[in-house]
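Visitor: just to be clear, the model below is a prediction. Sequence and coordinates:
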Amino acid sequence: MLTAQRAAELGAEVVATPASLWDDGSISAVVVCSETDRHEPLVTAAAAAGKHLFVEKPLGMGRADAARMAAAIEDAGVIFQTGYFMRGQPVHQFLREQIQLGHFGKITRVRHSNAHSGSLGRWFDAGWLWMTDPVQAGVGAFGDLGTHSLDILMWLMGDVARVTATMDTAVANYGATDEFGEGLLVFDNGVVGTLAAGWVDVQNPVTALVSGTEGHAYVCEDKLYFKSRHVEGADGKTPWTALPEAWPHAFELFLDAVTGGSTEHLVTPREAAARSTVMEAMYAGAQAKTWVQI
């Protein structure tokens, strides 16, 4: 029923089996937005058929299936992208640039938060209940929105050494599925990171923070405040507006790439798999109430 409804909305054709797509030479790329536990058979078959792939986040349920998919995509040599659109936002581009320039000095801590009121508003009732079932989605609220924050933190800081987390429900509108959580990460470079995500927030005013021995930056109400001894005028008192241009959305970047455009800003399969690995470890840490080595 839902498949037919979506096809009608998009003016698309419903196919009997995915195999007809793999065998159709006129189709060069596919978009996978299925339940996460169905990603692997779809992705591996599409890659084997030489189809370029946009796979909605997260790539896998965890380390094992994500690694297999990443290897299949790389072996096939097809273009890949996933839905980590936050990289292209001007504030995140700017933070990454300033980190690479060393304008924060020795960075000691970073934070990212991504939250909305989806559970409070019962957004998932109309055809998206599978997203509230960790058996199908692999995660609850913390992983659903937190994977975006995790991508930004790893894009800024690199690989993660160990993690832990805590998660819970607030109103339990979707049973025992976690509705919010907080994670703690230690990166390979020693930086300590925190990650907040959930579906029960009426507002999410402070979304990012980078703190170092020679600089500091945070984003509040979509405004960036930046202080650095290395950058003239960066006193942290007024919003910093000298920011890069936003990239096109992650999906637009994919469409451009498969029609001959640049692949420079695409997420790699290995990056996507690494995020699934770390998120799986955060859930394991929350369940065991302990640190988990990556």
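Guide: Happy to help now that I have it.

Visitor: now the closest residue to Leu2 other than its chain neighbours: how far from Gln5?
Guide: Spatial nearest neighbour of Leu2, excluding adjacent residues (C-beta to C-beta, 6 or more residues apart in numbering): Gly127 at 5.0 Å. From N, CA and C alone the C-beta is placed, and that goes for glycine too. Distance, Gly127 to Gln5, using C-beta to C-beta, to the nearest Å: 8 Å.

Visitor: domain parsing for this protein?
Guide: 2-82, 87-246+267-293 (automatic domain parsing).

Visitor: would you reformat those as CSV and include distance to Asp256, mean pLDDT and mean neighbour count?
Guide: Below are the domains of the chain laid out as CSV (distance: least, C-beta to C-beta, whole Å; pLDDT from 0 to 100; neighbours: other C-beta atoms under 10 Å):
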stretch, distance to Asp256, mean pLDDT, mean neighbour count
domain 2-82, 10, 94, 17
domain 87-246+267-293, 12, 98, 19
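
Visitor: and those: which comes nearest Phe254?
Guide: Of all those, domain 2-82 sits nearest to Phe254, with 3.8 Å by C-beta to C-beta.

Visitor: measure that closest one end to end?
Guide: Domain 2-82 has an end-to-end distance of 23 Å (C-alpha to C-alpha, to the nearest Å).

Visitor: same deal with stretch 188-197?
Guide: Separation of the first and last residues of stretch 188-197 by C-alpha to C-alpha is 23 Å.

Visitor: go on, stretch 205-222?
Guide: Span of stretch 205-222 from end to end, C-alpha to C-alpha: 8 Å.

Visitor: what does that stretch rub up against?
Guide: 91-92, 95, 98-99, 103-114, 152, 156, 224-231, 234, 236, 240 (C-beta atoms under 8 Å, 6 or more residues apart in numbering).

Visitor: likewise stretch 280-293?
Guide: With C-beta under 8 Å, 6+ apart, stretch 280-293 has contacts from 61-63, 138-139, 142-143, 146, 161-167, 181, 183, 185, 195, 294.

Visitor: all helices of the stretch 101-250 of the chain, in order?
Guide: 134-137, 141-157, 250-258 (DSSP state H, counting those that start in this stretch).

Visitor: turn those helices into TSV, columns for distance to Gly121.
Guide: Formatted as TSV, the helices of the stretch 101-250 of the chain follow (distance: least, C-beta to C-beta, whole Å):
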stretch	distance to Gly121
helix 134-137	18
helix 141-157	13
helix 250-258	24
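
Visitor: and those helices: which comes nearest Val78?
Guide: Taking these one by one with C-beta to C-beta, helix 250-258 is closest: 9.2 Å.

Visitor: chain center to the closest one, what's the gap?
Guide: 17 Å (C-alpha atoms, centre = their mean, to the nearest Å).

Visitor: just the CA trace of it, in CSV.
Guide: These are the backbone C-alpha positions of helix 250-258, laid out as CSV (Å, rounded to 0.1, in the frame of the first residue of the first chain):
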residue,chain,number,x,y,z
ALA,A,250,24.1,15.7,-0.4
PHE,A,251,21.5,14.2,-2.8
GLU,A,252,22.2,17.0,-5.3
LEU,A,253,25.9,16.3,-5.1
PHE,A,254,25.2,12.7,-6.0
LEU,A,255,23.0,13.6,-8.9
ASP,A,256,25.7,15.9,-10.2
ALA,A,257,28.4,13.2,-9.8
VAL,A,258,26.5,10.6,-11.7
